[in-house]
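Trainee: can't give you the sequence, but here's the structure:
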């Protein structure tokens, strides 16, 4: 498994709240910024800004994704990818559920 997001990008991913059941992380990426391959716990990611990213899977394949402000998405535990910001600065809020 790839490093957890806060280890892969300690200057970009900040834990805002944590207890035995949930962890809330703010991830902020500057224009042109990259986050290497990393993993998450299962949970919901909420886009605070519109964004355009290149998501690179562990097999090397990549997809350009446009995200809308206010859009939410589900992440399964252990999912791993690298991210390159192709647009303006943006932030996402990740709410992870602990097992």
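Mentor: Yep, it's here. Treat the numbers as computed from the prediction; the structure is a model and nothing was measured.
Trainee: and residue 40, what does it touch?
Mentor: Residues in contact with residue 40, defined by C-beta atoms under 8 Å, 6 or more residues apart in numbering, are 4-5, 75, 77-79, 94, 96. (Glycine included, C-beta is placed from N, CA and C.)
Trainee: helices of the protein, start to end?
Mentor: 5-8 (DSSP state H).
Trainee: where does it have low pLDDT?
Mentor: 1 (pLDDT under 70).
Trainee: backbone phi and psi for the residue of it most remote from its centre, please?
Mentor: When distances are taken from the C-alpha mean of the chain, residue 20 lies farthest, 20.9 Å away, according to C-alpha atoms, centre = their mean. Reported as degrees, to the nearest 10, the phi and psi values for residue 20 are phi -60, psi -20.
Trainee: give the contact list for the residue nearest to it when sequence neighbours are not counted.
Mentor: In this structure, residue 20 finds its nearest non-sequential neighbour in residue 98, 6.5 Å apart by C-beta to C-beta, 6 or more residues apart in numbering. Residue 98 makes contact with 20-23, 41, according to C-beta under 8 Å, 6+ apart.
Trainee: and those residues, which is closest to residue 48?
Mentor: When these are compared for distance to residue 48 (C-beta to C-beta), residue 23 wins out at 17.2 Å.
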